[in-house]
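Asker: With the sequence up front, the predicted model follows.
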Amino acid sequence: MTVTASDAGESLVTYELQGDVAILGLNRPEKRNAISDRFVEAIHDAVMRAQREAKAGLIHGHGKHFCAGLDLGEHSEKPLIDAVLGSRRWHAVFGAIERGTIPWVSAITGAAVGGGFELAASTQIRVADETAFFALPEGQRGIFVGGGGSVRISRLIGPARMQDMMLTGRVLTATEMEAWGGVSYPVPAGKAMERGLEIAARMAQNAPFTNYAVINALPRIADMSSEDGLFAESMVASLATQTEDAKERLRAFLEKRADKVQAPK
Ligand code: 1HE
């Protein structure tokens, strides 16, 4: 079933529940899924709904492109304060994806450009097909990243590579971006959704507490000193062990009811 993500009339984000996976479709293909203020709110509403109804989520773009970033038409008309508040709103909404309650996959085809790459960088997994390309054209446009890229993309691929992209206008393919750490799974053309859904369904089967800790504890621990990180890890690990889920899953393994880890074929 496909329904609109907000009551705002036009369906900027499509929402579908497939088993435990919420599928969000960026739905402004005529503008290459460029993100306007209203579009950010539609993403927010859909993410909140997914957190209530699903155990994992997938974001893709309708049409050929994942997302062309910020709506430059709307942005060019904004007073300074609205630009600041707009950027802060992107931070809050993308933050709910990066450090929310369920894991997310982005299934990337075509452009993942500017704010589109920032959106993809807020998901935990990026699957990109052979049509995908990545760029940060803010320098060309006379603006700056404002959707969390200076933190998320910089940490994902490294500040020097991000500087390269922003200063030179370099455009990278999925396999090039994989080598830089920005793509988790490069796939053949047309396969991003299929592979992304497999991965999301697999993540949805994990214990919710472990998923929550992976999403929320790991990035925070990465921001800590080693000593603080190790201490926080022990706290999270011991809490996880106390859950009923952990007790049952450990029992299932010991009683040979659970899958073993398979070596890659
Ligand atoms: C847009 C936007 C947009 C397309 N804002 N309207 N992002 C960029 O600098 C990327 C700008 N876009 C492009 O380079 C290209 O459109 C694409 C490579 C993504 C796709 O090319 P193509 O040939 O398939 O489409 P098109 O013909 O360029 O665009 C179709 C329409 O979408 C056209 O409008 P139309 O009324 O002439 O049909 C375009 O103007 C429109 N369109 N992209 C507004 N971005 C929080 S800070 C984040 C900072 C950034 O994101 S900076 C990067 C912005």
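Answerer: Looks like it arrived, so ask away. Residues are numbered from 1 along each chain as shown.

Asker: What residues of the strand or helix carrying Asp82 count as buried?
Answerer: Assigned by DSSP states H and E, Asp82 falls within helix 80-98. By neighbour count, and taking 16 or more other CB atoms under 10 Å as the criterion, the buried residues in helix 80-98 are Gly86, Ser87, Arg89, Trp90, His91, Val93, Phe94, Ala96, Ile97, Glu98. (Each C-beta comes from the backbone N, C-alpha and C, glycine too.)

Asker: Given the helix or strand immediately after that helix in the chain, what are its sheet partners and their directions?
Answerer: Sequence order places strand 104-108 as the next helix or strand after helix 80-98, per DSSP H and E. In its sheet, strand 104-108 lies beside strand 56-61 (parallel), strand 125-129 (parallel), with partners assigned from DSSP bridges.

Asker: quick revisit: hmm, the helix holding Asp82 touching the ligand?
Answerer: Yes. Legend: contact between helix 80-98 and the ligand by CB under 6 Å from any ligand atom is shown at Ser87, Trp90.

Asker: re the thing from before, out of the strands paired with strand 104-108, the one nearest the ligand is which?
Answerer: For those, proximity to the ligand was assessed by CB to the nearest ligand atom; strand 56-61 is nearest, at 10.2 Å.

Asker: Let me see the mean pLDDT of that closest one.
Answerer: When the per-residue pLDDT values of strand 56-61 are averaged, the result is 98.

Asker: ok, now stretch 136-154?
Answerer: Confidence over stretch 136-154, taken as the mean pLDDT, stands at 96.

Asker: mind listing what the residue in the stretch 151-265 of the chain that the ligand sits nearest to touches?
Answerer: When scored by CB to the nearest ligand atom, the stretch 151-265 of the chain has Val171 as its residue closest to the ligand, at 9.2 Å. Each residue near Val171 by CB atoms under 8 Å, 6 or more residues apart in numbering is listed here: Phe133, Phe134, Ala135.

Asker: between the residues you listed, which is closest to Lys247?
Answerer: Minimum distance to Lys247 across the contacts of Val171 is 43.0 Å, recorded for Phe134 (CB to CB).

Asker: how about the residue most central in space within the chain, phi and psi?
Answerer: For the chain, Thr123 is the residue whose C-alpha lies nearest the centre (CA atoms, centre = their mean; 1.6 Å). Backbone dihedrals for Thr123, given as degrees, to the nearest 10, come out at phi -80, psi 160.

Asker: ok, and for stretch 142-153, which residues are buried?
Answerer: Within stretch 142-153, the residues that qualify as buried are Ile143, Val145, Gly146, Gly147, Gly148, Gly149, Arg152, Ile153, counting by 16+ other CB under 10 Å.

Asker: now the second one: how far from Gly116?
Answerer: When distances are taken as CB to CB, to the nearest Å, Val145 and Gly116 turn out to be 11 Å apart.

Asker: residues in contact with Pro208?
Answerer: With CB under 8 Å, 6+ apart, Pro208 has these contacts: Lys55, Thr101, Asp245.

Asker: The second one and Glu53 touch, don't they?
Answerer: No. Between Thr101 and Glu53 there is no contact under CB atoms under 8 Å: 11.4 Å.

Asker: who's more crowded, the two?
Answerer: Neighbour comparison, Thr101 and Glu53: the larger count goes to Thr101, with 16 against 13 (by other CB atoms under 10 Å).

Asker: ok, now how distant is that one from Glu248?
Answerer: When Thr101 is compared with Glu248 (using CB to CB), they lie 21 Å apart.

Asker: Gln124 now?
Answerer: Distance from Gln124 to Glu248, counting by CB to CB: 25 Å.

Asker: Those two - which one has more neighbours?
Answerer: Gln124 (21 against 12).

Asker: Not counting its neighbours along the chain, what's nearest that one?
Answerer: Pro103 (4.8 Å; CB to CB, 6 or more residues apart in numbering).

Asker: Tell me how many other residues crowd Glu227.
Answerer: The burial metric for Glu227, expressed as a neighbour count using other CB under 10 Å, is 8.

Asker: actually Glu198, sorry about that
Answerer: Neighbours of Glu198 under the rule other CB under 10 Å: 14.

Asker: Fine, thanks again, bye for now.
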